[in-house]
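Participant: What follows is a predicted structure for the sequence shown.
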Amino acid sequence: MNRPARLTANTIIGTLEAGPRGPILRDAEGVAWRLHFGEEPVPDRLDGKVNVRGKIVQPDRIDVEFWTPLAGE
């Protein structure tokens, strides 16, 4: 049985990078996750430093529930 890595939401602050399969969030320690927005399209202004809340469903993927840009950092 393939179960999600975590069942609760996590909040991660990191920097977004462009990836071949969509945006990638990299935290201060260098850990990276692909971001999945479900049925929603990838937001237009998604770049720079952001705060992302979502569920880590695979070691390298987060199902995004909410995100917000962090201005001035």
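Facilitator: Looks like it came in fine. Numbering: from 1, shown residues only.
Participant: so residue 15 makes contact with residue 29?
Facilitator: No - counting by CB atoms under 8 Å, residue 15 sits too far from residue 29 to count as a contact (11.9 Å). Where C-beta positions appear, they are placed from N, C-alpha and C, glycine not excepted.
Participant: quick one: the strands in this structure?
Facilitator: Assigned by DSSP state E, the chain shows strands spanning 10-17, 24-26, 32-36, 49-58, 61-69.
Participant: closest one to residue 43 among these?
Facilitator: strand 61-69 (7.3 Å; CB to CB).
Participant: Tell me which strands the closest one pairs with, and in which orientation.
Facilitator: According to DSSP bridges, strand 61-69 has the following sheet partners: strand 32-36 (parallel), strand 49-58 (antiparallel).
Participant: tell me the centre residue of this structure?
Facilitator: For the chain, residue 35 is the residue whose C-alpha lies nearest the centre (CA atoms, centre = their mean; 4.1 Å).
Participant: in the sheet, who's paired with that residue?
Facilitator: Bridge pairing for residue 35 - DSSP bridges - gives residue 62.
Participant: I'd like the distance from it to residue 71, if you could.
Facilitator: As judged by CB to CB, to the nearest Å, residue 35 and residue 71 stand 19 Å apart.
Participant: need the contact list for residue 64.
Facilitator: By CB atoms under 8 Å, 6 or more residues apart in numbering, the contact set of residue 64 is 35-38, 52-54.
Participant: one more time with 6 Å
Facilitator: Residues in contact with residue 64, defined by CB atoms under 6 Å, 6 or more residues apart in numbering, are 35, 37, 52, 54.
Participant: can you list those in a markdown table and add distance to residue 25 and pLDDT?
Facilitator: Formatted as a markdown table, the contacts of residue 64 follow (distance: CB to CB, whole Å; pLDDT from 0 to 100):
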| residue | distance to residue 25 | pLDDT |
| --- | --- | --- |
| 35 | 6 | 93 |
| 37 | 12 | 88 |
| 52 | 6 | 93 |
| 54 | 9 | 94 |
